[in-house]
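1. model this:
(one chain, ligands or ions: 2)
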Amino acid sequence: VQRGRIVAAAEVEQSYIMIKPDGVQRGLVGEIISRFEKKGFLLKGLKLFQCSKDLAQEHYKDLKDKPFFPTLINYITSGPVVCMAWEGVGVVASARKLIGATNPLQAEPGTIRGDLAVQTGRNVVHGSDSPDNGKREIALWFKEGELCEWESVQTPWLIE
Ligand code: GDP
Ligand code: MG
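-> Numbers count the residues shown, from 1 in each chain. Ligands and ions are numbered 1, 2, ... in the order given. Below is the predicted model:
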């Protein structure tokens, strides 16, 4: 409600961020969530979830002709993932910067992949690549009622 007065609703976007099975297995859930929390984005949805092959294939449908597609689907379905919806102005591009390059060896130090991973096939986290894909992916991974509408008391201390 208050945010509506501070920034125009049209500027606010959402990104689907997912901690992949290696991030969960390696005990990096808190570390990764913490980076988005500390940056100042707003968490609107969060769940631990074991996804089906069908859902993984739909999520990565643009990559279905790539040679690594079958191994990618095996990887994403190999254990629970943490599904998140993060909201804010510019969150999609900013989250991609926080995450770092697809290949963790090329990702800058200070990014999640740059700090916490060594291989493309185990790069610990996903982030939407456009606001439209943010919408598409959040609708794909979350059911009606799973997102929370709330305002953070921090907002006036984050946005002038
Ligand atoms: P992202 O947007 O940075 O996650 O990268 P892409 O959209 O290009 O690819 C999606 C995911 O597929 C990556 O995060 C990796 O997990 C996986 N991937 C991409 N390229 C390769 C590859 O060459 N080999 C393998 N094994 N996995 C890949
Ligand atoms: Mg991508």
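2. Whether the particular helix or strand that has residue 138 in it contacts ligand 1 - can you check?
-> Assigned by DSSP states H and E, residue 138 belongs to helix 131-141. No - Helix 131-141 is not in contact with ligand 1 by C-beta under 6 Å from any ligand atom; minimum separation 9.5 Å. Bear in mind the C-beta positions are built from the backbone N, C-alpha and C, glycine included.
3. which helices and strands sit right next to that helix?
-> Judged by 3 or more C-beta pairs under 8 Å, 6 or more residues apart in numbering; DSSP states H and E, the packing partners of helix 131-141 are strand 12-19, helix 53-59, helix 91-99.
4. need the residues of the protein near ligand 1, please.
-> Residues of the chain lying near ligand 1 (C-beta under 6 Å from any ligand atom): 63, 68, 71-72, 102, 120-121, 123, 126, 129.
5. Work out the gap between stretch 151-160 and the centre of the chain.
-> Its chain's average C-alpha position is 21 Å from that of stretch 151-160, according to C-alpha atoms, centre = their mean, to the nearest Å.
6. What's the end-to-end length of that stretch?
-> 15 Å (C-alpha to C-alpha, to the nearest Å).
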